[in-house]
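**Q** Below is the structure, and that's it, no one-letter string:
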């Protein structure tokens, strides 16, 4: 269907909530009397393939229905050849567990406002992060992390009945009992040109595009999605007691001066294992299958076209 709007929906997002919303979404799109084509994802990576089909068929715009992981797959495909798409933009209907990406979008997240973004929104260009590791690379639209957040994702399914932030906190409590800090060698270049190099014992090392992760935890409260920089957050020597003591400040985004927390605006960074123990990592709330010895991260400014209401 050439020149139609394309809808890519993950029916399993948010415990199947998207699947239940689809009749209402179709009715709302039909009410606007627009030509659209809707595809449902069937497996990991399928959203990337569907995005490529929409682009090849001349889509006027793409509506992504699901969580941050679904948007990650769409963006990963789109950014393989960003110059090819001109002003093709992505609108987002946030129906996921955390929806942290959508907290950066100037929209209330309702179905009607997301459709308005698709049909009438203007393109605002967001930054993304690019990650490379031995044998692979990918992008992230909001979060790259190693450490405790990986352990949380491995256990999060146990608490699927809970809403996003509570789900994360419950999995966090379970994970902290056995998790041990990682020995990491971190180098980074700040947005002011300063070079940082640290060997740390870290519970969590993360790089973000925006301010929040895990359903609203304001890990990097000053981060902005279109400032041409990424935000680095690393704990160093902060044990279980320190995490519990300072967690309320992290939830409020008032933790910038906590001892044992490093925060910097960066252009690029390298995270490497000191003790040769392979690092598992996550991108946008999705566990990656590789365990690697090092990862390199850099900002790619202004390449993700997000549709927002005028």
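**A** Nice, I can see it. Since the structure is predicted, the reported quantities are computational estimates derived from the model, not experimental observations.
**Q** What separation do you get for the residue of the chain positioned farthest from its centre and residue 127?
**A** Residue farthest from the centre of the chain, counting by C-alpha atoms, centre = their mean, is residue 33 at 32.3 Å. Per C-beta to C-beta, to the nearest Å, residue 33 is found 35 Å from residue 127. Glycine gets a C-beta too; all of them are placed from N, C-alpha and C.
**Q** do the same with residue 62
**A** 19 Å.
**Q** Next one, pLDDT for the residue farthest from the centre of the chain please.
**A** On pLDDT, residue 33 comes in at 90.
**Q** Tell me the spacing between it and residue 59.
**A** Residue 33 sits 18 Å away from residue 59, going by C-beta to C-beta.
**Q** Check residue 213 too.
**A** Distance from residue 213 to residue 59, by C-beta to C-beta: 30 Å.
**Q** Over to residue 102?
**A** 21 Å.
**Q** And the strands in the stretch 1-150 of the chain?
**A** Taking DSSP state E, counting those that start in this stretch to define them, one finds strands in the stretch 1-150 of the chain at 5-9, 36-40, 62-66, 90-94, 122-133, 136-140, 143-147.
**Q** could you dump the ones you listed to TSV with mean neighbour count, mean pLDDT and distance to residue 17?
**A** What follows is those, written out as TSV (neighbours: other C-beta atoms under 10 Å; pLDDT from 0 to 100; distance: least, C-beta to C-beta, whole Å):
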stretch	mean neighbour count	mean pLDDT	distance to residue 17
strand 5-9	25	94	11
strand 36-40	17	93	14
strand 62-66	27	93	10
strand 90-94	27	93	11
strand 122-133	19	95	25
strand 136-140	18	93	24
strand 143-147	25	93	22
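**Q** Columns distance to residue 286 on top of the ones you listed, output as CSV?
**A** CSV is the format used below for the strands of the stretch 1-150 of the chain (distance: least, C-beta to C-beta, whole Å):
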stretch, distance to residue 286
strand 5-9, 16
strand 36-40, 18
strand 62-66, 12
strand 90-94, 16
strand 122-133, 12
strand 136-140, 9
strand 143-147, 10
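**Q** which residues sit against the longest helix seen in the chain?
**A** The residue-count maximum for a helix in the chain (DSSP state H) belongs to helix 13-31. Residues outside helix 13-31 that contact it (C-beta atoms under 8 Å, 6 or more residues apart in numbering) are 5, 7, 9-12, 36, 38, 40, 65-67, 69-70, 93, 95-97, 111-112, 115, 160-161.
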